[in-house]
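# Requesting a structural model of the entry that follows:
(2 chains)
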Amino acid sequence: MRLSTLFAPTLRDDPAEADVASHRLLLRAAFVRKVAAGVYTTLPLGVRTMDKIVRIVRQEMDDAGAQQIRMPIVLPAEPWKRTGRWQVYGDEAFKLADRHGREMLLGPTQEEVVAPLVAAENPSYRDLPLNLYQVEWKYRDERRPRFGLLRGREFLMKDAYSFDRDEEGLRESYRIMFESYRRVFDRCGLDYVIVEADPGSIGGDVNHEFMAVADVGEDLFVRCGNGDYLADTEAATPRPPDPASEALEPMVEVDTPGAATIDLVASQLGVPPERTLKNILFDIDGGTVAVLVPGDREVSEKKLARLHFPAVVRRFDDDDFAAHGFAKGYVGPQGFGEDVTVFADLSVRGGANWVTGANRADTHVTGANLDRNFRVDRWEDLVEIREGDRCPLDGGPIEIGRSIVVGHIFQLGVRYSAPLDATFQDEDGTQKPLVMGCYGIGISRVMAAVVEQYHDEGGIRWPKALAPFEVVVILANADEEAVGSHAERIYGELRERGVEVALDDRAERAGAKFADADLIGYPVQVVVGKKGLQRGEAEFKLRSTGQRSAAPLEAAADAAVALLAESP
RNA sequence: CGGGACGUGGCGCAGCUUGGUAGCGCGCAGCGUUCGGGACGCUGAGGUCGCGGGUUCAAAUCCCGCCGUCCCGACCA
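Alright, predicted model coming up:
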């Protein structure tokens, strides 16, 4: 490729709209341009890099026995209503209507399409396992798109779907994908961790996230200092405290005027917040659920929603408090009737003599105790994990890190196949729901995540597997005829060797070419100019380290290939 | 959706407080001098000042409404 004809308008200044490194550099280096918030055009350099990621993914998927298909983006609403996700996705789905008023949506993921596709062929157990994947644009109307490609409303995703006859088969399909994902992210050069995660609106049970470690990451992961535990913060379970062994005090009411928050109660009564019992009320599909946690902890709505999937979990608002007659800020579990389902976090078992609301404004109680004063219907892990918690495996210290989720895999089971009636005929002749798994990789997000991990002040430092070109030959003094002919020769030789090479033959000054080469991030730069020519040499720069070297002009192509081999 | 900021040639910004014919740097076009880490001189093109309404003799500037973008939060494979 001759850069004189490439559409790659690099920017000298940082765009005002871009804050994080990947966003800034992908704009400046002419990989993408913004069209609307979270919606981008991909320029030629970006297409080349994204295609490389896709190629890696495709190779690994094909090696793992998956087969590529292509499903539509514009989808009818009906199957989404059957699985409950028309509601679960809510406004996050791009919904539209056709000219007849039929409801449709732009695909945010594709379980509702692929399951009926397979089931329509009335498969036999002999046809299983089956794994189908595609690489297509996905649409999610994020409340707040941000960080450029890291959270777009339109993004390129590889999504694969496995079909098995039973759970055992699913586990094997899942294992194969798990290993395949490892190879994909290894080949992309990413530093990543694999954690157990929250399944979000996809649903299902076992799932893992592949998280690229990055300071700008939106997703937190927790790690045990002893190295034996890794999890998404949304799914991580802290080790509950040991049970209390203090003598039970009588329950008494105390006046706490105006103390409608935990902090106010704690300071008025002179007790630490963790001795208070917080009662958070939710409306879940019309029913009332109370969640009890120690006053210093936050309820994880994620975990609560997961227990009730696909029902919509909604925190009580002022109207709900009024309608149910609860005193906001003064709710206590001793007042709950049978119409309230009482959930408690496991950590509540560790406390006694709680301070909690008296179900009357400006009043609390002390000495509230489990069983004697209140009941719990279900014990679950329902708190947000935090720094300082203990590892559930060995009690070690928990650390929290930031990351970008680049891949997420799920064991779905029959969560979609059952409501969609997607069945196969088993050996015993009966129809059974297909046992499914699904497996996603955010291609465009991988590109951004790699930039987050591979950049410096000068620009991007692509690993060679993803660079738009592996080598750039820089014509440093275009007016010297000998320089031009050597550069052309080296460029041609590299092409003959199958190296992906760009020739910077633009009518720019050398300095601008060097700056652009660093910005765009070609792993190897070959400089052909007057200076080296006098010594009969071409000069080289390895972008990853900045290390410079030289070789005779005649051997320049060989030297570039050798240097490329050294590049990450 | 709550909070905050911003919107002025392709990019980065000033001008707005105190209303009076729209500026700077980069980039772009032409000519010349340059030519190894984003050169210099001269000449030039390019702007409904986000959109709509209002106040005023006069609005980029003041007022109202809307739209868009970014940041924090909530939310989110």
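# and the stretch 451-568 of chain A, which residues reach RNA strand B?
A:458, A:476-477, A:479, A:508-512, A:514-519, A:527-533, A:539, A:541 (C-beta under 7 Å from any atom of the strand). C-beta here means a position set from N, CA and C on the backbone, and glycine is covered the same way.
# Give me the buried subset of these.
Neighbour counting with 16 or more other C-beta atoms under 10 Å marks A:476-477, A:508, A:510, A:514-519, A:527-529, A:532-533, A:539, A:541 as buried within these.
# Could you list which of the residues you listed belong to strands?
Among those, DSSP state E puts A:527-528, A:539, A:541 in strands.
# Same list (these) but as CSV, adding pLDDT.
As requested, these are exported to CSV (pLDDT from 0 to 100):
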residue, pLDDT
A:Val527, 96
A:Val528, 95
A:Glu539, 96
A:Lys541, 97
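# Enumerate every residue touching A:Arg239.
A:389-392, A:395 (C-beta atoms under 8 Å, 6 or more residues apart in numbering).
# Which single one of those residues is nearest to A:Ala120?
A:Pro392 (43.5 Å; C-beta to C-beta).
# The closest one is in contact with A:Ala235, isn't it?
No: under the criterion of C-beta atoms under 8 Å, A:Pro392 is not in contact with A:Ala235, lying 11.2 Å apart.
# In the contacts of A:Arg239, find the pair that's most separated.
A:Asp389 and A:Gly395 (10.1 Å).
# Which helix or strand contains the most centrally placed residue in chain A?
Nearest to the geometric centre of chain A sits A:Val405, at 2.5 Å (C-alpha atoms, centre = their mean). Assigned by DSSP states H and E, A:Val405 belongs to strand A:398-413.
# next structured bit after that strand?
Next along from strand A:398-413, by DSSP H and E: strand A:423-425.
# Please compute how far that next one lies from its chain's middle.
33 Å (C-alpha atoms, centre = their mean, to the nearest Å).
# pLDDT of it, averaged?
For strand A:423-425, mean pLDDT is 97.
# helices or strands next to that strand in the packing?
In terms of contacts (3 or more C-beta pairs under 8 Å, 6 or more residues apart in numbering; DSSP states H and E), strand A:423-425 is packed against strand A:431-433.
# what pairs with the strand it packs on, and is each one parallel or antiparallel?
strand A:423-425 (antiparallel) (DSSP bridges).
# Tell me the pLDDT of A:Glu537.
95.
# do the one 3 residues further on as well
Per-residue confidence at A:Phe540 stands at 97 (pLDDT).
# where does A:Pro463 fall, phi/psi-wise?
The phi/psi pair for A:Pro463 (degrees, to the nearest 10) reads phi -70, psi 150.
# what's near enough to touch it?
Counting by C-beta under 8 Å, 6+ apart, A:Pro463 touches A:188-189, A:450, A:454, A:523, A:567-568.
# one more time with 10 Å
By C-beta atoms under 10 Å, 6 or more residues apart in numbering, the contact list for A:Pro463 reads A:187-190, A:450, A:453-454, A:521, A:523, A:544, A:567-568.
# Just the closest of the residues you listed to RNA strand B, please.
A:Gly521 (11.1 Å; C-beta to the nearest atom of the strand).
# and whichever residue of the stretch 251-400 of chain A sits closest to RNA strand B, how far is that from A:Leu45?
Across the stretch 251-400 of chain A, the shortest distance to RNA strand B (C-beta to the nearest atom of the strand) belongs to A:Glu301, at 4.9 Å. A:Glu301 sits 41 Å away from A:Leu45, taking C-beta to C-beta, to the nearest Å as the criterion.
# of the two, who's got more company?
A:Leu45 (25 against 17; other C-beta atoms under 10 Å).
# Show me just the buried residues among the contacts of A:Pro463.
A:187-188, A:190, A:450, A:453-454, A:521, A:523, A:544, A:567.
# From these, which land in strands?
Using DSSP E, none of these sit in strands.
# possible to save the residues you listed as CSV with pLDDT?
Listed next are those as CSV, based on pLDDT from 0 to 100:
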residue, pLDDT
A:Arg187, 97
A:Cys188, 97
A:Leu190, 95
A:Val450, 96
A:Gln453, 95
A:Tyr454, 95
A:Gly521, 96
A:Pro523, 98
A:Ser544, 96
A:Ser567, 95
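# Mind picking the two most distant members of those residues?
A:Arg187 and A:Gly521 (17.6 Å).
# what bridges to A:Val527?
A:Ile474, A:Glu539.
# List the contacts of it.
Contacts of A:Val527 by C-beta under 10 Å, 6+ apart are A:472-476, A:487, A:504, A:510, A:513-514, A:517, A:537-541, A:548, A:550, A:556.
# Next one: it from A:Ala8, what distance?
A:Val527 is 19 Å from A:Ala8, by C-beta to C-beta.
# Next: A:Val47.
From A:Val47 to A:Ala8 the distance is 11 Å (C-beta to C-beta).
# Equivalent analysis for A:Ile404, please.
25 Å.
# same thing with A:Arg509?
On the measure of C-beta to C-beta, A:Arg509 and A:Ala8 end up 17 Å apart.
# Please apply the same query to A:Glu537.
Counting by C-beta to C-beta, the gap from A:Glu537 to A:Ala8 is 28 Å.
# For the helix or strand in which A:His486 is found, enumerate the helices and strands it packs against.
Per DSSP H and E, A:His486 falls inside helix A:481-496. Contact partners of helix A:481-496 among helices and strands, from 3 or more C-beta pairs under 10 Å, 6 or more residues apart in numbering; DSSP states H and E: strand A:471-475, strand A:501-504, strand A:524-528, helix A:530-535, strand A:537-542, helix A:556-566.
# where do the contact lists of A:Pro392 and A:Ala235 overlap?
With C-beta under 10 Å, 6+ apart as the test, A:Pro392 and A:Ala235 both reach A:222, A:381, A:385.
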